[in-house]
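Asker: below are the sequence and a predicted model for it; my questions follow.
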Amino acid sequence: MSKDYIIRGTAAGGQIRFFACTTREMVEVARQKHNTSPVASAALGRTLTAAAMMGAMMKSDTDLITINIRGNGPIDGITVTADAMARVKGFVGNPEVMLPASAEGKLDVGGAVGDGFLQVIRDIGLKDPYIGQTKLVSGEIAEDLTAYFAISEQVPSAVALGVLMNKDNTVRQAGGFIIQLLPNATEEVISHLEQKLTEVTHITELLDEGMTPEEFVEYIMGNMEPEIMDTIIPEFYCNCSRERVAKAVMSVGNKDLQEMIDEGKEIEVNCHFCGKKYVFSVDELKAMIRN
């Protein structure tokens with residue numbers, strides 16, 4: 001049984017909704033699959049954690065959310081997708097990126113991401129997906145998502161995301177929260193929540209002190225009567241398959257397939273999202289042309 005979980009609920013009599021989670025195992029699976037450096041593990045882990053909570057916001061089991069972060073930094077972009085069951089997958093452009101620590105002595109995720117844009121694509125079964133895009137505020141991901149929710153979805157939100165690494169480059173802690181004000185929130189509730197949020201230290205410190213998602217919620221909103229509605233188990237899950245990858249290979253067209261056949265060597269194709277390798281023999285390539 002995974003120790004990762006997301007709680008979701010409401011507080012202040014339905015004036016606030018919240019999601020809070022611990023995702024260490026999910027982020028460690030991603031680190032192993034992509035062999036990411038510490039700063040790449042932190043950047044990918046924060047984005048996966050956010051996507052899992054945003055997936056849990058969706059209504060239908062077939063809904064999908066994609067977060068694309070496109071900056072001019074050396075990590076060369078981050079892409080993550082999640083479904084409504086908080087199953088996530090994702091990758092960074094340059095998993096080996098190394099940078100010195102930030103001025104605070106932390107992993108410099110903002111420096112790795114750089115300046116650019118954050119794009120959220122919600123595919124909720126309509127003819128066209130909903131696409132929202134905002135400028136990156138800091139490249140630290142939580143602040144960028146806070147700005148995205150405010151500007152693109154007009155939902156005042158507080159987003160906290162953190163990944164703490166061990167000396168051996170394994171994931172020590174990961175998790176976060178998204179707290180959102182609903183349209184009926186009173187000024188009193190808003191100012192009380194804002195005051196409490198100023199008292200919150202780095203989320204990784206709370207995780208490393210052994211605090212659970214329930215305890216973060218109690219710590220921030222204890223006197224606003226938070227009610228937990230349900231618990232969701234997030235996981236790193238890739239739905240790639242040999243058939244899907246074969247379709248992608250066939251899509252290059254007969255001319256390119258014939259060139260691969262003429263070289264007389266099998267080809268290897270890797271899934272971007274999970275790194276799984278698929279090998280196709282010359283005979284399989286010939287069969288693709290016949291089909």
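Answerer: Noted; the coordinates are in hand.
Asker: contacts only, for the residue most central in space within the chain.
Answerer: With the centre of the chain defined as its mean C-alpha position, the nearest residue by Cα atoms, centre = their mean is residue 48, 2.1 Å away. Residue 48 makes contact with 23, 26-27, 30, 80, 88, 90, 236, according to Cβ atoms under 8 Å, 6 or more residues apart in numbering. Where you see a C-beta, it was placed from the backbone N, CA and C, and this is true even at glycine.
Asker: what pLDDT is listed against the residue nearest to residue 171 when sequence neighbours are not counted?
Answerer: Using Cβ to Cβ, 6 or more residues apart in numbering and skipping residues adjacent in sequence, the residue nearest residue 171 is residue 28, 4.2 Å away. Here, the pLDDT recorded for residue 28 equals 97.
Asker: cool, residue 153 as well?
Answerer: 91.
Asker: mind listing what it touches?
Answerer: Shown in contact with residue 153 (Cβ under 8 Å, 6+ apart): residue 132.
Asker: roughly how far apart are it and residue 239?
Answerer: The gap separating residue 153 from residue 239 is 27 Å, by Cβ to Cβ, to the nearest Å.
Asker: hang on, the earlier thing: isn't there a strand covering the residue nearest to the centre of the chain?
Answerer: No: with DSSP: H, G, I helix; E, B strand; the rest coil as the criterion, residue 48 is helix rather than part of a strand.
Asker: mind giving me the packing neighbours of the helix or strand residue 118 falls within?
Answerer: For residue 118, the host element (DSSP states H and E) is strand 116-123. Applying 3 or more Cβ pairs under 8 Å, 6 or more residues apart in numbering; DSSP states H and E, one finds that strand 116-123 contacts strand 64-71, strand 130-135, helix 142-152.
Asker: pick the most deeply packed of the ones you listed.
Answerer: Of all these, strand 64-71 carries the top mean neighbour count, a mean of 22, counting by mean count of other Cβ atoms under 10 Å.
Asker: partners of that one in the sheet?
Answerer: Strand pairing for strand 64-71, using DSSP bridges, gives strand 78-83 (antiparallel), strand 116-123 (antiparallel).
Asker: what's it in contact with?
Answerer: Strand 64-71 is touched from outside by 47, 50-51, 54-55, 58, 77-83, 90, 113-123, 136, 139, 141, 144, with contacts defined as Cβ under 8 Å, 6+ apart.
Asker: picking that back up, as CSV, the strands paired with strand 64-71 with mean neighbour count, mean pLDDT and distance to residue 248 would be great.
Answerer: CSV is the format used below for these (neighbours: other Cβ atoms under 10 Å; pLDDT from 0 to 100; distance: least, Cβ to Cβ, whole Å):
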stretch, mean neighbour count, mean pLDDT, distance to residue 248
strand 78-83, 24, 96, 16
strand 116-123, 18, 94, 19
